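1. Sequence first, predicted model second:
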Amino acid sequence: MNPKYQKVLSDIEKAEKKKSEIEGQLKELYDKKTELENLEIINTVRSMVMEKDQIMAFLSSMKGGTKPAGNTEVIDNA
C-alpha cells in the first residue's frame, strides 16, 4: 500500500487511542466534581442548626421548590 495512506491510518489509530484516554479522564473528572458537590451539600446540611425533623422538612420543601418556613439559620464554618 501507499506509505502516505499507511501513515494516515497510523495517525488515525493514535488519535482514537488518545481520544479514548481523554474521554476516560474526563469521566473521572466529572465523577470527582459530582462527589465534591455532594460533599459540599452534605456539609452545608450538617452545619444547619436544626433538629432532624426540621432538616427533613427543609429538604422536602427544597425538593418541592417552595421556600422553607421557620428557623433555617446556617452557621458558616468557612
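-> Cool, the structure landed. Note that the structure is a prediction, hence the values are computed from the model and not measured. Residues are numbered from 1 along each chain as shown.
2. Now residue 48, what are its backbone angles?
-> Main-chain dihedrals, residue 48, degrees, to the nearest 10: phi -70, psi 140.
3. Can you name the residues bridging to it?
-> residue 74 (DSSP bridges).
4. packing partners for the longest helix belonging to the chain?
-> When the chain is scanned for its longest helix (criterion: DSSP state H), the result is helix 3-46. Of the remaining helices and strands, none touches helix 3-46 by 3 or more C-beta pairs under 8 Å, 6 or more residues apart in numbering; DSSP states H and E. The C-beta positions use only the backbone N, C-alpha and C, and glycine is treated the same way.
5. mean confidence score for that helix?
-> The pLDDT scores in helix 3-46 average 95.
6. Quick one: name whatever helix or strand follows it.
-> helix 52-64 (DSSP states H and E).
7. Restricting to C-alpha, output that following helix in PDB.
-> The C-alpha trace of helix 52-64 is given here as PDB (Å, rounded to 0.1, in the frame of the first residue of the first chain):
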ATOM      1  CA  LYS A  52     -33.700  16.100  62.300                       C
ATOM      2  CA  ASP A  53     -37.400  16.600  61.600                       C
ATOM      3  CA  GLN A  54     -36.700  20.200  60.700                       C
ATOM      4  CA  ILE A  55     -34.000  19.200  58.300                       C
ATOM      5  CA  MET A  56     -36.200  16.700  56.700                       C
ATOM      6  CA  ALA A  57     -39.000  19.300  56.300                       C
ATOM      7  CA  PHE A  58     -36.500  21.700  54.900                       C
ATOM      8  CA  LEU A  59     -35.200  19.200  52.400                       C
ATOM      9  CA  SER A  60     -38.700  18.300  51.400                       C
ATOM     10  CA  SER A  61     -39.600  21.900  50.800                       C
ATOM     11  CA  MET A  62     -36.400  22.400  48.700                       C
ATOM     12  CA  LYS A  63     -37.300  19.400  46.700                       C
ATOM     13  CA  GLY A  64     -40.700  20.800  46.100                       C
END
